[in-house]
Every structure is written in C-alpha cells, then in structure tokens.
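Undergrad: Predicted structure and sequence below. I'll ask about it afterward.
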There are 2 protein chains.
Amino acid sequence: MAGGVGARFWPLSRRNRPKQLINLTDEGTLIEQTVSRLQGLVDADHIWIVTNAEQAALIKELLPEFREDRFILEPLGRNTAPAIGLAAVYLHRHDPDAVMIVLPADHRIKNIHEFHFCLSSAVEVVHDSQVLATIGIEPTRPETGYGYIQMDQSGIRLRENVYPVRTFAEKPNLVTARVFLESGEFLWNSGMFVWRADSILQQIHEQLPLWGAAFKEIESSLGTPAVQDVTRRAFESGKGISIDYGVMEHAPKVAVVRGTFDWSDVGSWDEVWRLMPHDDDGNAVRGNVTLAQTQNTCVIGGKKLITAVGVSNLIIVDTDDAILICPLDRSQDVKTLVDQLRAEGKEGVL
Amino acid sequence: MAGGVGARFWPLSRRNRPKQLINLTDEGTLIEQTVSRLQGLVDADHIWIVTNAEQAALIKELLPEFREDRFILEPLGRNTAPAIGLAAVYLHRHDPDAVMIVLPADHRIKNIHEFHFCLSSAVEVVHDSQVLATIGIEPTRPETGYGYIQMDQSGIRLRENVYPVRTFAEKPNLVTARVFLESGEFLWNSGMFVWRADSILQQIHEQLPLWGAAFKEIESSLGTPAVQDVTRRAFESGKGISIDYGVMEHAPKVAVVRGTFDWSDVGSWDEVWRLMPHDDDGNAVRGNVTLAQTQNTCVIGGKKLITAVGVSNLIIVDTDDAILICPLDRSQDVKTLVDQLRAEGKEGVL
C-alpha cells in the first residue's frame, strides 16, 4: 500500500512525493526498504503495489525491475479499505486461493528474521480459514500516537504467537497508554494484515455492502476495456473508510500475531530523529551541518551549510525551495503549517 | 570609522562584508545611514572614511559620489586608537584647526535633530580648547552590553548638556548596570568623539608614545611616495589598542555630552530584532516567510521560503550559501559558531 499524501514530512515530502518515496532516515526510501525486506519470504514476482498513477511513475524510477502489471492503480484515495479491497480483487483473480500480506509501504522495521517469522505464523493460521490476521507489536513505551489491539489470552492460542483479538482501541491518552503497557495484554496496531483474498472480500461484502457490490462489478470487468471506468466510478461514488474501522472491528474471526520486532510507522519528524544515528549530544544530522552548543536536534539538509548555536530539541529541514524549523515535540503541528501555506496561496511548495 | 570584521552578524556579514555594509534592519546599510545622517550639519566634502582597501572598494559601490581622496586606508586593523590617530594626521594636514567628529559607521540613530544638537554642543566646547569630548547616551535600560561614562555633576557644566567626566566604566554585570541606571549619573559610552585633530594627536603622543612617534613619521611622509610604506610599517609593528583604553581613560580634560537621542550600536542579532518592525506576536521578518504558532522570532531571508511552527525567541537567517538558527538571547554566541566553522575548515563561508 503506497498511497496517501505526506503532509507531516513537509518540506521533504510533497503532494506528489509522499513519505514512502523520500529518503527520510538516510537508509534509502521506505518503499525500497519495504520491498527488499520481503526477500527470502515472498517471491519478487508475487509483490504487488497499490498506489495512484502519479506515484506509480515515481515508484517505477526507484524500482525499475518491478513488473508493470504488478501495479494496482487507485483512481483516487479512499483510505485503506477500498485500496485493500481493490488489491484483493486482483489477487483473487490471479489465484483463487491467494493469501494476501498487506503491508504499508512507509514503515521501518528491524529484526527481519522475527518479522518473517510473524508473517509466516499468520499465513499458517489464515491460509485454510476465514481468519483475518493483524500484526500487533509488543509496546516498548506508553505511545499515544498508535492504536492498540487487546489480545484474548484466556482462550486457545492459534499458534505460539497468535491470539484471538478481544478488542481494538483507538489512540489512547497517556494515562490509558500506561495502563495498556502495564497490562501486558495490548499490542500496537501496526496496520499490517494477513488473510485470504476471498476472506477479506467476503468481509467487505458483509460490513461495507456498497463497496462489496462495487468490487463485484470491478471483478466482472477485469480483463475488459471497461475496467478502468468501472473502477473510477466506484471510487468516485464510494466513501473513504479505513480497514480497521470499516471491517476489522466488526469481523467475527480476527487474530493478532504478537510481534516483538523493532517497528515504527515513522509518523512525524521526532520519530525520524529517534531513528537516525546520534552524536553524544543527541544530535542527528544529514548534509553540510555545523552545530555549536546544540542538543537533541535533528538537521536534514544537503549541500548548503546549515548551522545552529545554542538550540535544543529542534528539527531543521532544508530543501531547494523551503526551510522548516520546528520543535521536535511539536512535529505534529507541521500539518497546521502546511494548511497555513495552502491558505496563503503557497501551494507551489506543497 | 568603517573597519572591523563583523563575526556577530554571520551569515549576513562576512569577512569582507562587515556589519556596516549589509542591510541589517531593511533601512539600507548602516554606512549609508551614517553618512546621510550628517546632512545639514557637515558638508559632504568634509566627510572622510577610515577603512581598509578591500572595504573601501565595497563602500565606493554604495557611495559612488564619495571623493576618492576622502578615503583614509588602514594597512591593517589595529583597533580604534591607531585608526583615529591616522585620520587625525590627515585632517590636521588638511586644516591645522580641524575639529574631528569621530563616528563609527555601524550605529543606528533616531532623532537626528537631537543628534545634531549634541554634536554642535561638543564642537562649541572643543574647537578652542584641548578638551576631548565623547558622546554619552542616557540609558533606558540596565544594558550589560555597553561601557558606561560617569558624569561629574558636582562642578561646572561646560554647556547645558556637557559635563566633565568622572570615570569610564567597563561593561557592567546586571546588578551594577541597575545601580548605574538608577544613579542618573551614568551614560552609555557610544564610541562617538569630538575633538580638535591637534588635541587628540597631542594626547596620543603623551599616552601612546610609540604610536605618537609613528604618526609624526607618517605626517612627515604625507604627500610623498613613501607614505604608504611608512604607514604600513607603523601599523605592522604597532600594537592594537582602543581609543577608550589607550587615551580617553587617562586624558586630563575629558567631557561628555549627555545625548538623549535614540541610539544603538546594533551589537547582535537580538538588537536587529528589536529594531525591526514587529507583528502582534513579536515576530520581525524579511523575505518569503510563513510562521505558525510562533512568537518573538526574527527571520531574515530572501526569495526562498522560510517556515517555522511552534517556535519562539529564535533568530533564523538564510543566505545563498548558509543558514543560521540561534536563540535571540544567545546571539552573542554566533562568534563561537564562527570560530568553530573556522576550526572545521569552512572558511569559505566566513
């Protein structure tokens, strides 16, 4: 899944170059990492990318070896449920027994071995059942930026590390996040899923009947010249909704894999700072940077010299046409700034 | 006096383009302001500029109407006493009765009428005496960045607004600065002076005999081809010293004019912020700037978009090849940064 627009990483991300297409943490783009991370688990030929036409062109530049017919194009963004449903239609046509691993293209993961083990466990659980599996991450801090999944530890596990889901919880406040962390029953909702294509289509049909009907129509038009128009009409008239809210929270058979690998959805600039290598003062820098008497500051630049003296806890980003300065703990507010730039008629830099 | 290097205003000021040659507060360069401020008081033909050869070339671009032979060139920087002594030699040769008004080229002054009045009072006092007059500024805050001059209010004033000097005081700490302010006896030492050329040469001869001898030699060589070599040798072998420390503090007849005009020596970035027009949030900006949830911040840029969100009390300066970010109350530390850039071999941007 490589759609979406990345306002939170402006000015590095732009309208037509969202988070997964930029080199955030200096390890290559997140979409390249997401694809290469599957080596040894999934045949390259079995990887599909759901995105829009504009981003598909940029992704092809990054991944030139990728087969043209492995791109599934959303006519417009309608959140995750329609994107996943559309992909399921294509995969189901490709192989009626297809098992889908749904991965956002913009996550960062370490411990690949453990990551592969979790996905394998999930595939074992779902490949001959109607179970919808989600990957949960064992929390390491009372994070308020993620949703949570409560495991049902009272009953029978589906595998050593796979539990039925008791409930999905929205992003909590700090007090609740602490309770979640201490309980040992809650995992971070990573937004990664594993299921049979026919299982998720069946659940979409039941939970989101309008989208279910639309996908039936798209499936019938597959391989005909009408498919693009049918898809466009479906997305133009359909309402955007997330797979969590639209399907998972009401599905009858939901399991969660307890993942213990190092995971981040790289949600804002302070996360980028956390993920980059630091010097002794907690500074993380890229580019031509000189810092004096400066702590816990993240600087992302290029050839132009960026200097700071006497500052702390800042993010400083310099691109060819725009500079951003923001406290690390206010990095959520970059969205506000982007809104203001739009209101001021400065769309040219967005 | 337009010498010196302006490390405190890096990256806008550079080695070969110091403070007086840049457009700091968006009112034109300080040297242009200094010259035009004398209109109505001093004939344009009577204005001389002491500087080095490199800066003279830049000044000629700014002030093309200025006569070539009104530049007095220091071979190298040796602080204010030698610069002033050299100028006095030229002026004394030009007119044995010359009265000098010594003005740094990098100050900002409002209330021109009051400024002219102070200079006129000083000229009246010194033109037929050996008094060395200095311009003091009535303090409006317990400033720790300036030296102070204590008036002797016990005896006879030389004019309504001209007092004998009791003592010169170095930059005080805050407690002392408050005492100075409350006493009503202390004025800020502005570094502006008025005296006869022969009076200051006489005092240099007495207080700084080596420089006195050097100036005698330079005076003898004036109008001969040897003058440049003689001057260079004098400056190469002479020690740098300020006029305050080297002459004023020990001179027998020193007066201070009590100036009540609005004056600033524009000593650091926070002063620039103070002098610029502010919006309701206390922000002062120049260039293409968008600020969100930002207070008391000074942004100096050009065409490139500079943005900040959630910050306060920062100075942000963007030039073609360098960016500076610094808290306003740490703007003294820009010097430290400049030292570090030099140590890192980044002289190219200095």
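TA: All right, it came through fine. Residues are numbered from 1 along each chain as shown, chains lettered A, B, ... in the order given.
Undergrad: Residue A:57 versus residue A:246, what's the distance?
TA: Taking Cβ to Cβ, to the nearest Å as the measure, residue A:246 falls 29 Å from residue A:57. The way it works is simple: take the backbone N, C-alpha and C, and place the C-beta from them, glycine included.
Undergrad: For the two, indicate the residue with more neighbours.
TA: Here residue A:246 and residue A:57 are compared on neighbour count by other Cβ atoms under 10 Å in any protein chain shown; more neighbours surround residue A:246, at 23 against 12.
Undergrad: what's the nearest residue to that one if we skip its chain neighbours?
TA: residue A:81 (4.2 Å; Cβ to Cβ, 6 or more residues apart in numbering or on different chains).
Undergrad: Just give me the neighbour total for the one you found.
TA: Under the criterion other Cβ under 10 Å, the count of neighbours that residue A:81 has is 25.
Undergrad: May I see the buried residues of the strand or helix carrying it?
TA: For residue A:81, the host element (DSSP states H and E) is helix A:80-94. For helix A:80-94, the buried set under the neighbour-count rule, 16 or more other Cβ atoms under 10 Å in any protein chain shown, comprises A:80-92.
Undergrad: Spit out the contact partners of the closest residue to residue A:131 other than its chain neighbours.
TA: The shortest distance from residue A:131 to any residue other than its chain neighbours is 4.6 Å, reached at residue A:253 (Cβ to Cβ, 6+ apart). If you count contacts by Cβ atoms under 8 Å, 6 or more residues apart in numbering or on different chains, residue A:253 has them with A:129, A:130, A:131, A:132.
Undergrad: what's the distance between the helix holding residue A:81 and the middle of its chain?
TA: 17 Å (Cα atoms, centre = their mean, to the nearest Å).
Undergrad: got it, and stretch A:21-38?
TA: Offset of stretch A:21-38 from its chain centre (Cα atoms, centre = their mean): 12 Å.
Undergrad: May I have that stretch exported as CSV, CA atoms only?
TA: Listed next in CSV are the C-alpha coordinates belonging to stretch A:21-38 (Å, rounded to 0.1, in the frame of the first residue of the first chain):
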residue,chain,number,x,y,z
LEU,A,21,9.2,8.0,-1.6
ILE,A,22,11.7,10.1,0.3
ASN,A,23,15.0,9.2,1.9
LEU,A,24,13.9,10.1,5.5
THR,A,25,16.4,8.3,7.7
ASP,A,26,19.2,8.0,5.2
GLU,A,27,18.7,4.3,4.6
GLY,A,28,17.0,4.7,1.2
THR,A,29,13.3,5.2,0.7
LEU,A,30,10.8,3.4,2.8
ILE,A,31,9.2,1.7,-0.2
GLU,A,32,12.5,0.3,-1.3
GLN,A,33,13.1,-1.0,2.3
THR,A,34,9.6,-2.5,2.3
VAL,A,35,10.1,-4.4,-0.9
SER,A,36,13.7,-5.6,0.0
ARG,A,37,12.5,-6.6,3.4
LEU,A,38,10.4,-9.4,1.9
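Undergrad: And for the helix holding residue A:81, what's in contact with it?
TA: Outside helix A:80-94, the residues that touch it by Cβ under 8 Å, 6+ apart are A:1, A:3, A:48, A:50, A:72, A:74, A:77, A:98, A:100, A:102, A:191, A:193, A:197-198, A:200-201, A:204, A:208, A:211, A:215, A:218-219, A:222-223, A:231, A:234-235, A:238, A:240-244, A:246-247.
Undergrad: Redo the buried residues of helix A:80-94 as a markdown table? Include pLDDT.
TA: Output for these, formatted as a markdown table (pLDDT from 0 to 100):
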| residue | pLDDT |
| --- | --- |
| A:80 | 96 |
| A:81 | 97 |
| A:82 | 97 |
| A:83 | 97 |
| A:84 | 98 |
| A:85 | 98 |
| A:86 | 98 |
| A:87 | 98 |
| A:88 | 98 |
| A:89 | 98 |
| A:90 | 97 |
| A:91 | 97 |
| A:92 | 97 |
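Undergrad: And the residues you listed, which is closest to residue B:161?
TA: Out of these, the one with the shortest distance to residue B:161 is residue A:80. That distance is 77.3 Å, counting by Cβ to Cβ.
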